[in-house]
Structures are given as structure tokens and as C-alpha cells.
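Chemist: Give me a 3D structure for the following:
(chains A, B and C)
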Amino acid sequence: MSLSLDDVRRIADLARIALSDDEAAGVHAKLASIFGLVDELLAIPTDGVEPMAHAQSIALPLRDDAVTERDERQAYQRVAPATDAGLYLVPKVIE
Amino acid sequence: MSWEVVIGIETHAQLSTASKIFSGASTAFGAPPNTQASAVDIALPGTLPVLNRGAVERAIRFGLAVGATINRRSVFARKNYFYPDLPKGYQISQYETPVVLGGGIDIVSPTRGPIRVRLTRAHLEEDAGKSLHEDFHGMTGIDLNRAGTPLLEIVSEPDLRSADEAVAYAKTLHGLVRWIGICDGNMQEGSFRCDANVSVRRPGEPLGTRCEIKNLNSFRFLERAIAFEVRRQIDLIEDGGRVVQQTRLYDPDRDETRAMRSKEDAHDYRYFPDPDLPPLAIDDAWIERVEASMPELPEAMKARFVTEYAIPAHDALMLTQSRDMAAYFEEAVRAFGGEAKLVANWMLGELAAWLNREDVHIGEAAVGPRQLGALLTRIADGTISSKAAKQVFDELWREHPRGHPVLRAEGAQFSVAGEDATPSVDRIIERHGLRQVSDEAAIGKLVDDAIAANAAIVAEVRAGKEKAFNALVGKVMAASRGKANPAQVNALLRAKLGAPS
Amino acid sequence: MTAPDTVTAQAAALARGDCSSVELTQRALDRIASMQSLNAFITVDTEGALAQAREADAARVRGTAGPLAGIPIAHKDVLMTAGLRTTCGSRMLADFVSPYDAHVVGLLKRAGTVLVGKTNMDEFAMGSSNENSHFGPVRNPWNRSLVPGGSSGGSAAAVAAGIVAGATGTDTGGSIRQPASFTGITGLKPTYGLCSRYGLVAFASSLDTPGVFAHSAHDCALLLTAMAGHDERDSTSLSHAQEDYARDIDASPSDAHKPLAGVRIGLPREYFASGVESEVAGVVDQALGTMRSLGATLVEIGLPTVRHSVPAYYVIAPAEASSNLSRFDGVRYGYRARDYRDLDDMYRRTRAEAFGEEVKRRILVGTYVLSHGYYDAYYLKAQQVRRLIADDFRRAFAEVDFIAGPVAPTPAFAIGDRRDDPVQMYLGDIFTIAANLTGIPALSLPAGFTRDGRPVGLQLQASYLRESALLAAAHRFQQATDWHARRPDLARVAGA
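Modeler: Numbering: from 1, shown residues only, chains lettered A, B, ... in the order given. Down below sits the predicted model:
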């Protein structure tokens, strides 16, 4: 499959990573070679094979519905870039 | 030029668990920002989700209540997109294999009568945090207390054909989730939110392009938003335009819907099974346990009320609006021992008026079901008139201490709190001298006196004027200061005057 | 007398009172300082380490010290350590001080080990040479112009250089085994789920496995015993009964001359086809000869789909990573760009400025293979191929006890050699990746050297939860050989 420069820009958009035109070109070349490696998968016959999403087939464990966490805001917000009155601050979100 | 409106509703119901779906933080509403956001909820690096059994239990309960299939194996998937109230940059949801599949809800359509609205599915997912847009010097504040609250996303098939029908569906669903105790349905607090998918088409044509109106948190907004959107789409098409698929928001100030700024690249959420969560297994034993603990559902209860209590269907519908109402009714009937219809009348009349006036829920009513039963008993046994009973009711309400629940929910059952009621009813009757006079002789004397004192009215009565008769009854009642048993006054007057009954 | 530099020897010395934990710890700290040019450490916690050492010595006096008490260790900087910086080798977390301990960190702390610092690594565990670190490359103690391997290069170098006797690592595609092979030490990747991932900053969730580096299988067994165990905070954590791996390893074999009698070792023909450097092949052959002389039966087996490991991995791992790294958005912790126009711009610049090239590449690959229209062809396909590979291994383990082969096609290569060719770097993972895709345990043990003195490891893989047997077999090999006792010339290591 061929990856276009537009594809690269679109993926970078989805992944929220800024990419200048130069960077996009460089990334494009490297990604193309990676897909050259990966495309080998396409030809492998896998009809009827169950996909393997987990290394083991264990059942999902469940926890009891109980409040076990307490307020750690002070500790957690010590590492925050910007807060005010206990809220995390980000550039204004426009809907 | 007729148009058909096609509507599907997606509802996000916050499940009433104590802790979050994937962490042990509290879900209690109203805490200071970010004080109920654990390491998992704020997506600190290295944290992992662990599923809350209570969320699954509630999903099973919902599935059983709507006659759906409970998937014995369901998978959690990541829905990837960037937004500041979504800490991980993905929402854990369910995609290809949801926990509940199919089912349906019976509603009464204002236009089409009783219809069944099919459900596509219901699945578990986590709620996002909240963005506070009030000014923080041009910044937005993010509160993650809500992040991780369990949601059940309930998707209807596009079976609804009008805004009114959509509201009827939403109200019925709202009543149901509260009835089975999985969601408190508090729309102001965001516990129950609806998105409407709306499209229009000419009858017989394939489905039109739909628009999704998000986050409608009141029935009124739901109705207004759909109404506007339908008009907008019809106008657009009739003007030669085409409806573009998009997500829209309802602006209540302007009463219109408008397109959202695009949140995500053509909705490419890149769903894939969450590698941190093996598939959820639900066995038959679990489903049976939930089934055994299910309360009688509203439909069944309504039908039973009609046959068992001989009350009209409309009354039964009103009395099964909530389990609290129904429990109150049955307890009051039990305490009364007389005609259930009388209980129904009082609940839908006096009681409803007081609940409205005081803006309280029936579980917090100042007059409990046993008291109502005792009161109605005093009417039935002639101690007081209906009119006096209303006065007693008001007194009971005024003097009863607030804040004590009259009903207590214990799993599928309700029990009645509070002491035996008859003494308090009798006490008020005595204190206000409301005991009606039923003594034949005493009433006979009052009637004789009234006839003697109102010759003109008596003449009109003899002439066949019903209004004059009522006036005469009024005179007797006034003379007795309202205490005469009206039925006896009536009967005695007619007898003495030879008036037709 | 040379100071003890293995976990076993240090534990014995402490027990005998030959030295104190403070002495061992001070020596580790001194070595870090004198060998700074290796760049094995990102954060050193002098105060904290000495305090822990004093506490360990006090516990010994009280009589409450366990077998690992007082032993200095290091943690790969991908594991959260409360109160200490956890950077994952990235600018994104360059100043991030963790508010909590990873589960395995807590277990080793409770066992009384002394944490001297956090080791350098390929950024977010993505790499096979430790050249992808924001904090600069790590150098191989055997030859400072060579890479130590990756992504756990810092931990491997720290053990190989005798700074600490044991260190944790994580292995997603070979990131413990390959550096162990390149630096001449023993590295163990346990069964997926045996050690908790809670507090391990996720790269590829279904593949990430915490593990250990040490000088011997016996040492690894001691450390694994402390690290393994169910954790209810990790939904993929196995409920496996606690094992004492060291005790089992010490059990005497029935035949002292042929300690591996009855053991069947499978040799996949796919591993021994062309593509392995001849000197590596030579060392591996000789090691297998040793196995045979110890009584093992070598059996040729087939793993026909194993050659698809690399492409399958390079779809699955980046896909999971692309999602796992979305939380690094500058909102709640970590790097935030300084100049931005709006929220969207903040996201884009933060992630562009704070992620390195390899990380960005993998996020883009992962985003692509999950995107609409490509999911079935790539992601789903790769998961199906993964199933085929797991089936091959399951069939093989019905015939043999272990599967042996090279760890990597080459020994350690020169720093800078493969910077420009990611694909070439990826192909180096050919022998290690399958154990991650399937979740089986695997280890690398020192098996010899090339003519120019570069270490070469032998890989042994076993079926699920067969760590005991795996470590025992490795231990027997190490009792009959001394590759694991070789040390680099420390004078040269400490050079400028």
C-alpha cells in the first residue's frame, strides 16, 4: 500500500503532533519503509483465525463497588502545568 | 407535501454505583473540583482500569427489564480522541460486543397510542470530566471528578416519529431506570442525558441524512431541539439544499440548534479492544441472581393495579410513575381497607398538590400512607366529612416533622417507616372539633330550623329548582358550622320537603 | 578481596557481617560517579539510598531482614517510584516526580532492597539500542563505542559494570534479553501477567513485561521471587500461586554429571537459517554443545509462522502505543509547550516538542493501522498472525521443554550505526519478539564472546509459567560454564 504525504499529515492531525512540511517529508520516507516491512502481513492467509488480543485467556476480574480512594488533589496537582482553584487550566475550549 | 420525521435517541444514564467504573474514587455529586479523581481517573502514567462489579450488575438489570439479550461475553474497547476532559485521550467503552443487545420499551405515543420502541443495544462506558468555561483569564478549567463515572449508553432504533414521541420515550426510559434502581435520573446533575438523531424523508423514501443533537438534559429541551431541527432540515431541503451529517448543540436561549466546531477528524475513533481489560464474562448464575432480585416492573404493576384495585388505567399509570408512588399507594390501601379508588383520588389530588407546593418527592411526604389510610377510614366511618378531612390532611402536613422518610427501600421491597397513624389523625379531629354531627335527631332539628327560616327558598325547592335545594343544604351546613354530616342533611331535607332525589 | 558484585554474594556477605548495606550502597554510588561516562543513570538518589541502607542495616540487627535486605538495585526509569523522578527517557517527563510506586517497585522496597537510582532507557521503551533517549545514549561497559542494547540499556549497563548486582527492566519486544546479550549478563522476561504492570508506564499493554537483570539465573530467581505476584490493580495480572524460584533452582538434579538429562531443547530451523552473524552462530552452537554435554537432547523443530513476528509486532505495538501515549497532552502533568495559539496548537506543539523521533514515528504508524479503512487489513490481521505464532509455540512445547537460539542476529553494534534505518533496527528483534506476542517466559544467558570481545547471549524460552524450570536449566548451564562470571575491564570503563 502506498502512503501519501497527505496521509502523513492526516495521521499527524489525528495524533495531535505538529509536523512542518520538511518534517512531514522526512517522516514520510521513514514511514514508507516501515510499511514496506509491515505490508508482508497482508499476504498471510488467516481465514477463520481468531484474533489474539491478549497473551492469556483470563476472565476479567471484578472489584466490589466500594469507595477506596480519597482526596489526593494536592499530591497529584503538584505535577500539573497549570491549575487554579483546584481545576486544571487549558486554553479556552470553544464548542 | 408531507414529511416523515425519523428520530432515534441515545441516552447516557449515570449508574448509581458508589465508586467509579474503573477506579475506587467516589461518584458523589458536588464535591470540590478534582477531589474525587484518583490516579486512574486523571490517567497518571502507569495506571490501569479495574472494572466495578456494581456497574455490570446494573447493566444486567437493565437488560432484563427491557427483555434484551445479555451477552455472556462482552469486550471493552478504546474510543480514541483528544479533549481536555478525557484524561487518557481515549474513552473506555464497548464497541462490537456490548453487554446488552436488543430489547424494547413500550410507550404511549401522543399521536399513535401504545407503541413499542426497539432498542439496538446498551453498553457500559466511562463518563468524561467537566469543562468549566467561565473565565479563568481566558482559560478553561477542567474538573475530573466526573471522569470515570459509570455510564450505560442506551441506543434506541430510529422508531420515533415526532418530538412528542421522543419525549414520551425519554420519560418512560427515565422512569424505568429509576424504577429498577440503576440510575437516580437527576437531569440537573447530569445523571440522565439524551442525544437525538434526527432526519426527515418523504414517506416511502430511504432514510435521510441525520444530524445528532447532543447533551439535551431536560425533556423540554429535547422537545424544543427536535422541533427546531426538523423545521431546519425541512426548510433546507425545500429550499433546494442538502442536509449535511453533523453534530449539533441546542441553544436554549435562542431556541435553535447549531453545528458544533468539529471535535474530531470525521469521527475516526480508531476503536480497538482495550488490551488492559480481558473480555467480561457473565454467567447464567449471575443473571439468575439478578433476575431473582428484580422488582415488579411498571407495566406489570400497572396492569395488576387495574384488576386488583379496580381503578382506571389512567390512575394506574399515574400511580406507577415511580416505585415510591406505587409503594405508598399499596400501603395506604392496606391501611384503609376500603375502596382503593378513594386512595387514588386523594393521592392524585390532595397529596399531589402538597408535593408540588413543597417541591418534595413522595418519599419525603409529611403525610405517610398509614396516616392517609387512617384519615380515609374516618371519612368512611362517618366521623368526619370529606371537607373536614381535607382540613385534617393539611394539619397533618403542617405539623409532621420534615426530613423523615415515610418509605424505606430494601432491595426490591419498600417498607413504611414511622409510627402507627390513627392516633395522630384522631388527635387533630378532636383538637379542631371536626367531628361531624351525625345524630339523626340533632340534624333533624337543624333541618327543621332551616326550613322554618327560609320560606322563600323552600318554595323554590318545591318548584323543582335544584340550585335552591343546594342553597338550603348550605344553610343547614352553615348553621351547624360545617359539622353536620352532609349526606344525612341531604337525605333528611329531601325527605322532609318531598323533593325529588 | 574483590567486593561481592552478585546478589547471591552480597546477600551472603551481609548475612555474615562482612560488610554493611551502607558500605555496599556507598560503593554503588561511588561507581555511578566514576562511571558517569556510561550514562547509565538518569536520576541518582544519594540521600534516599543511604537512608534505606541504614534502615536495612538496622533491620539486620533487629533480626527482621529478609534475603534481599540491603542489596542495592536500580529501576528502569519506566517504572514509577514515589518521590523520585520518572522520566521514561523522555523530555515529556523530564521533570516528572512520581506520586506513587509501581507495584513491583513496592514489592522490592518491602523486600528491603536499596534503590540507588533510575536507569537510562530508550524513550518510552521504544528502541533496541538506548540511542533514543532524551538524556543521551548509554555506552556498553565492554566497549564504550558500542550500544548496550535497548530499551533497558541503562539497567543492563549498570549491572554489567558492577554498579549494582541487580536491576529491573521491562521487555516488550526483547528489551531485557537483547541488552543482556549485548552486555554479557543474564536477563529474564517472565510470563506476561506474572509481574504486575501497575506503575509501569505503558508502551504496548498486551506485550509489556517487567523483568530483571543480574549476573546469574540464581540471582534472577531471587529477584523474581520478590517481584512476582497477583496485583488486583492490574486486570491482566495472573493469579498464580507464589513460588520460591531460588529454592527450586537449588534443588539437586538426579544425576550430577548429567543435570539436564531428560530435558528436551527445541531448535527452530527458522532461527538457524541465514541472517545470523557467523560469530554469533558459533557462540550459540558451542553453548548448545554444552547443553548436550549436560545431558539435554537437542531436537530440530519448526515454527513456520515465527518469521512473521516482526511485521506483526510492528503493527500491534505501535497501535497500542499510539493510544497509550495520548495521555501525554500537557494538561495534567509533564511537558507543556510554552507558546501556543489555542488548545489544539498546545496539543500539537507539546507532543511535537517533547516526543523524540522514534516515538513520533511509532505513534504515527500506530494511528494509521488503527484508522478507518486500515484496521482490518493491519491491526486485525496482525492479531490473527499473533494467534498463528502462539499456536506454533504451543505445538512445539508439546514436544520440547525449552526452545533455544540466538538472542539477536548480531552482537552489540557501534553507536550511530543504525540511527538512520529504523527497519534495520526492527529486524534485530527477530528472535525475541515472539515471546512477547505469545506471553511466554524467556531469558538470555551469557554464552561467550566474539573474537573482538563482544558478549553474545543464548536465549532459552519455556512455556507459560515455567520460570522455575527455565531458571533451573540456565543455572545448570552456569554451573558448568563461567561466561556469566566474566567482567569488563573496569579501569577502561571508568576512563573519560
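Chemist: what's the longest strand in chain B?
Modeler: The residue-count maximum for a strand in chain B (DSSP state E) belongs to strand B:113-126.
Chemist: Once you drop chain neighbours, what's closest to whichever residue of chain B sits closest to chain C?
Modeler: Residue nearest to chain C within chain B: B:G89 (2.4 Å; C-beta to the nearest C-beta). From N, CA and C alone the C-beta is placed, and that goes for glycine too. Nearest non-adjacent residue to B:G89, counting by C-beta to C-beta, 6 or more residues apart in numbering or on different chains: C:S326, 2.4 Å away.
Chemist: One more: B:E57?
Modeler: Using C-beta to C-beta, 6+ apart and skipping residues adjacent in sequence, the residue nearest B:E57 is B:V290, 6.3 Å away.
Chemist: Which strands or helices does the host helix or strand of that neighbour pack on?
Modeler: Using DSSP states H and E, B:V290 sits in helix B:284-292. When contacts are defined as 3 or more C-beta pairs under 8 Å, 6 or more residues apart in numbering or on different chains; DSSP states H and E, helix B:284-292 packs onto helix B:53-65.
Chemist: change it to 10 Å
Modeler: On a contact count with 3 or more C-beta pairs under 10 Å, 6 or more residues apart in numbering or on different chains; DSSP states H and E, helix B:284-292 meets helix B:53-65, strand B:69-70.
Chemist: Quick check: which of the ones you listed is buried the most?
Modeler: Ranked by mean neighbour count under mean count of other C-beta atoms under 10 Å in any protein chain shown, the helices and strands packed on helix B:284-292 are led by helix B:53-65, which reaches a mean of 23.
Chemist: Can you show me the CA trace of that one as CSV?
Modeler: This file holds the C-alpha atoms of helix B:53-65, laid out as CSV (Å, rounded to 0.1, in the frame of the first residue of the first chain):
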residue,chain,number,x,y,z
ARG,B,53,-19.0,-5.3,39.6
GLY,B,54,-21.9,-2.9,40.5
ALA,B,55,-21.8,-1.3,37.1
VAL,B,56,-22.1,-4.7,35.4
GLU,B,57,-24.9,-5.7,37.8
ARG,B,58,-26.9,-2.6,36.8
ALA,B,59,-26.4,-3.2,33.2
ILE,B,60,-27.7,-6.8,33.6
ARG,B,61,-30.7,-5.4,35.5
PHE,B,62,-31.5,-3.0,32.7
GLY,B,63,-31.2,-5.8,30.1
LEU,B,64,-33.6,-7.9,31.9
ALA,B,65,-36.1,-5.1,32.4
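Chemist: Helix, strand or coil: sort out the residue nearest to C:Y347 when sequence neighbours are not counted for me.
Modeler: With C-beta to C-beta, 6+ apart as the measure, A:R16 is the residue that lies nearest to C:Y347, at 4.1 Å, once sequence neighbours are left out. Using DSSP: H, G, I helix; E, B strand; the rest coil, the structure places A:R16 in coil.
Chemist: For the residue in the stretch 151-300 of chain C that chain A sits nearest to, give me phi and psi.
Modeler: In the stretch 151-300 of chain C, the residue that lies nearest chain A is C:Y192 (4.0 Å; C-beta to the nearest C-beta). Per-residue torsions, C:Y192: phi -60, psi 130 (degrees, to the nearest 10).
Chemist: Looks like it contacts C:Y464 (just checking).
Modeler: Yes - with contact defined as C-beta atoms under 10 Å, C:Y192 counts as touching C:Y464 (8.6 Å).
Chemist: Settle it for me: which of these two has more neighbours?
Modeler: C:Y192 (26 against 20; other C-beta atoms under 10 Å in any protein chain shown).
Chemist: By residue count, tell me the biggest helix in chain B.
Modeler: helix B:219-238 (DSSP state H).
Chemist: Next, the most centrally placed residue in chain B: secondary structure please.
Modeler: Geometric centre of chain B, nearest residue: B:G175, 4.2 Å, by C-alpha atoms, centre = their mean. On the three-state scheme (three-state DSSP), B:G175 is labelled helix.
Chemist: Not counting residues beside it along the chain, what's closest to it?
Modeler: Setting aside the residues directly before and after it, B:G175 is nearest to B:Q321 in space (C-beta to C-beta, 6+ apart), at 6.1 Å.
Chemist: Then C:F355?
Modeler: Once flanking residues are discounted, C:F355 sits nearest to C:M92: 6.2 Å by C-beta to C-beta, 6+ apart.
Chemist: hang on, the one you found packs against C:H134?
Modeler: Yes - between C:M92 and C:H134 there is a contact at 8.2 Å, judged by C-beta under 10 Å.
Chemist: what is in contact with these two at once?
Modeler: Residues touching both C:M92 and C:H134 (C-beta atoms under 10 Å, 6 or more residues apart in numbering or on different chains) are C:E123, C:A354, C:F355, C:G356, C:V359.
Chemist: neighbours of whatever residue of the stretch 351-496 of chain C ends up closest to chain A, just the number please.
Modeler: Among the residues of the stretch 351-496 of chain C, C:G439 lies closest to chain A, at 2.8 Å counting by C-beta to the nearest C-beta. Using other C-beta under 10 Å, C:G439 has 25 other residues around it.
Chemist: I am assuming it contacts C:G193, so please confirm or correct that.
Modeler: Yes - C:G439 is within contact range of C:G193, at 7.1 Å (criterion: C-beta under 10 Å).
Chemist: Overlap of the contact sets of those two?
Modeler: Residues touching both C:G439 and C:G193 (C-beta under 10 Å, 6+ apart): A:H54, A:A55, A:Q56, C:T209, C:T236, C:L238, C:Y464, C:L465.
Chemist: Show only the entries of the residues you listed found in helices.
Modeler: Using DSSP H, the subset of those located in helices is empty.
Chemist: can you list the domain ranges for chain B.
Modeler: According to automatic domain parsing, chain B comprises the domains B:4-288, B:295-431, B:440-497.
Chemist: As CSV, the ones you listed with mean pLDDT would be great.
Modeler: Converted to CSV, those look like this (pLDDT from 0 to 100):
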stretch, mean pLDDT
domain B:4-288, 94
domain B:295-431, 85
domain B:440-497, 87
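Chemist: Please report the distance of the spatially closest residue to C:R85 that is not a sequence neighbour from C:T87.
Modeler: Nearest-residue entry for C:R85: C:T43, 4.6 Å, with adjacent residues in sequence omitted and distances by C-beta to C-beta, 6+ apart. Going from C:T43 to C:T87 by C-beta to C-beta, to the nearest Å gives 7 Å.
Chemist: and if you look at B:D268?
Modeler: Using C-beta to C-beta, B:D268 is found at 31 Å from C:T87.
Chemist: who has more neighbours, the two?
Modeler: Legend: neighbour count by other C-beta under 10 Å for B:D268 and C:T87, higher for C:T87 (27 against 18).
Chemist: Just list the residues touching the closest residue to the more buried one other than its chain neighbours, thanks.
Modeler: Leaving out its chain neighbours, the residue that sits closest to C:T87 by C-beta to C-beta, 6+ apart is C:L93, at 4.7 Å. Each residue near C:L93 by C-beta under 10 Å, 6+ apart is listed here: A:79, B:45, C:77-78, C:85-87, C:123-124, C:134, C:201, C:328, C:333-335, C:354.
Chemist: May I ask which of the residues you listed has the most neighbours?
Modeler: Neighbour counts for these peak at C:V78, which has 36 neighbours (criterion: other C-beta under 10 Å).
Chemist: Could you give the average pLDDT over stretch C:457-467?
Modeler: On average, the pLDDT along stretch C:457-467 is 98.
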